[in-house]
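Colleague: Quick one, structure for this:
(one chain, ligands or ions: 1)
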Amino acid sequence: MYLLYTIIACLVSFLVLKWLKKRKHCTDTKRLDGKTVLITGGDSGVGKETAVALARRGAHVIIACRNVEKAEKAVREIKFRSHSLNVLQMEVDLANLRSVREFCKKFLHIEKRLDILINNAGMPGVLDWTDDGFSVCFGVNHLGHFLLTNLLLHRLKECAPSRVVTLTCSIYKYQKLDFQDLNYNLLPFFTYCRSKLANIYFSQELAHITEGKGVTSYVVHPGFVQSGWTCHFSFLFRLLVGVIMRMFFVSCEMGAQTVVYCAVSDEAAKHNGGYFVDCRPATLRPFARDPGVAKKLWEASERLVKLS
Ligand SMILES: NC(=O)c1ccc[n+]([C@@H]2O[C@H](COP(=O)([O-])OP(=O)(O)OC[C@H]3O[C@@H](n4cnc5c(N)ncnc54)[C@H](OP(=O)(O)O)[C@@H]3O)[C@@H](O)[C@H]2O)c1
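Modeller: Residues are numbered from 1 along each chain as shown. The predicted structure follows:
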């Protein structure tokens, strides 16, 4: 009898877990021949899977990464899996604003098109500082991408209709921005939440300022994904979280689906400035939809990165 109960309990748990991990695939089959896509942090996790998916559709894909050796290896894998030779890597360290400026200069010199920019790279809650003295989460996740997007905006406008897709996380809702302390670096989880909230405001304000100029902006929560982010933590943490990830988190390929959806779909294009989860528009908490805060963050970020 006990054996029967155990088997039933296992079966039910298996089905519940399967249901919890159920996610939508991007069903839009649009090709991207002749289009250029730039993906930050495309050498692992969600970024790499996005690169494979978009290269398969015929896009010229550039992954912008900080570790050249790892990026070269990823390029070989992306080419192999997508059956496309149209993939390359370029070096950028989003934790260093000079590196971002140099990268953009080089990119604009080499690449004549930019149709889709995917602001994917991200650091989890790590209490460290960037080369410019910002907290790592705020500096890499928000400021690095803020500067990069602004420096490439002209090219995006030239190639209109073009899109910017920025990665956030649904845990944005556990924090609010403190404009007296944007560089907050006290509790790792909260630092990450704030940087992901900043990604949301950034995407909304970008949609606002580029309205009518052919550039649209979307922000995506990819789901909770079994990616490489735990590599920044201790072995014990990795072991513990590894078990939870295996049970509840989705694969990187599934995590990339909503990113790909926002990059290609005509349906998504109807929701400029929107927040997307599981290949459809989702609702943000009211405080995360405040255009006044989005504008204030944009202006503060311009000052911080010295964008004149
Ligand atoms: N995994 C999840 O459950 C989850 C949930 C919600 C949102 N997200 C978001 O999804 C995005 C992708 O994350 P992921 O899960 O795929 O994590 P991941 O596997 O750790 O990938 C993150 C990428 O960002 C790059 N990166 C980090 N710091 C950088 C820097 N200073 N300059 C340039 N590149 C840098 C990493 O490069 P290195 O390999 O050199 O470190 C890596 O390629 C992130 O924005 C994350 O916040 C993830």
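
Colleague: Return the residues of this protein in contact with the ligand.
Modeller: 40-41, 43-47, 65-67, 70, 92-95, 120-123, 140, 167, 169, 221-222, 224-225, 227-229 (C-beta under 6 Å from any ligand atom). Placement of C-beta: from N, CA and C, glycine included.

Colleague: Just the buried ones from those residues?
Modeller: 40-41, 43-47, 65-66, 92-95, 120-123, 140, 167, 169, 221-222, 224-225, 227, 229 (16 or more other C-beta atoms under 10 Å).

Colleague: Sort out for me which of the residues you listed are in strands.
Modeller: Counted as lying in strands by DSSP state E, out of those, are 40, 65, 167, 221.

Colleague: And the furthest pair within these?
Modeller: Cys65 and His221 (22.5 Å; C-beta to C-beta).

Colleague: Just give the nearest non-adjacent residue to whichever residue of the stretch 51-200 of the chain sits closest to the ligand, would you?
Modeller: Residue of the stretch 51-200 of the chain nearest the ligand, by C-beta to the nearest ligand atom: Gly122 (2.5 Å). Distances taken as C-beta to C-beta, 6 or more residues apart in numbering place Asn141 nearest to Gly122, at 5.1 Å, with adjacent residues excluded.

Colleague: Return the residues in contact with that neighbour.
Modeller: Residues near Asn141 by C-beta atoms under 8 Å, 6 or more residues apart in numbering: 121-123, 192, 195-196, 198-199.

Colleague: One more pass at 10 Å, please.
Modeller: Each residue near Asn141 by C-beta atoms under 10 Å, 6 or more residues apart in numbering is listed here: 94, 119, 121-124, 135, 166-169, 191-192, 194-196, 198-199, 202.

Colleague: what's the distance between Gly242 and Cys104?
Modeller: Using C-beta to C-beta, to the nearest Å, we find Gly242 at a distance of 37 Å from Cys104.

Colleague: Mind checking which of the two has more residues around it?
Modeller: Cys104 (19 against 14; other C-beta atoms under 10 Å).

Colleague: Touching, the more buried one and Leu152? I think so.
Modeller: Yes: contact criterion C-beta atoms under 10 Å: Cys104 and Leu152 qualify, at 5.8 Å.

Colleague: And the average pLDDT for the longest helix seen in the chain is what?
Modeller: Using DSSP state H to define each element, the chain has its longest helix at helix 188-209. The average pLDDT within helix 188-209 is 97.

Colleague: So Gly45 is in contact with Gly255, correct?
Modeller: Yes: using C-beta under 10 Å, Gly45 is in contact with Gly255, at 7.3 Å.

Colleague: Now do the shared contacts for the two.
Modeller: 167, 222, 225-227.

Colleague: what sits against Glu211?
Modeller: Contacts of Glu211 (C-beta under 10 Å, 6+ apart): 217, 272-273.

Colleague: okay, the residues you listed in CSV with pLDDT and neighbour count next?
Modeller: CSV is the format used below for the contacts of Glu211 (pLDDT from 0 to 100; neighbours: other C-beta atoms under 10 Å):
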residue, pLDDT, neighbour count
Ser217, 98, 27
Asn272, 97, 18
Gly273, 98, 20
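
Colleague: quick one: which of those sit in helices?
Modeller: Among the contacts of Glu211, no member lies in helices (by DSSP H).

Colleague: Which members of the residues you listed occur in strands, if any?
Modeller: Ser217.

Colleague: Among the contacts of Glu211, which one sits closest to the ligand?
Modeller: Ser217 (15.4 Å).

Colleague: How about the contacts made by the closest one?
Modeller: 117, 119, 149, 156, 162-166, 202-211, 262, 272-274.
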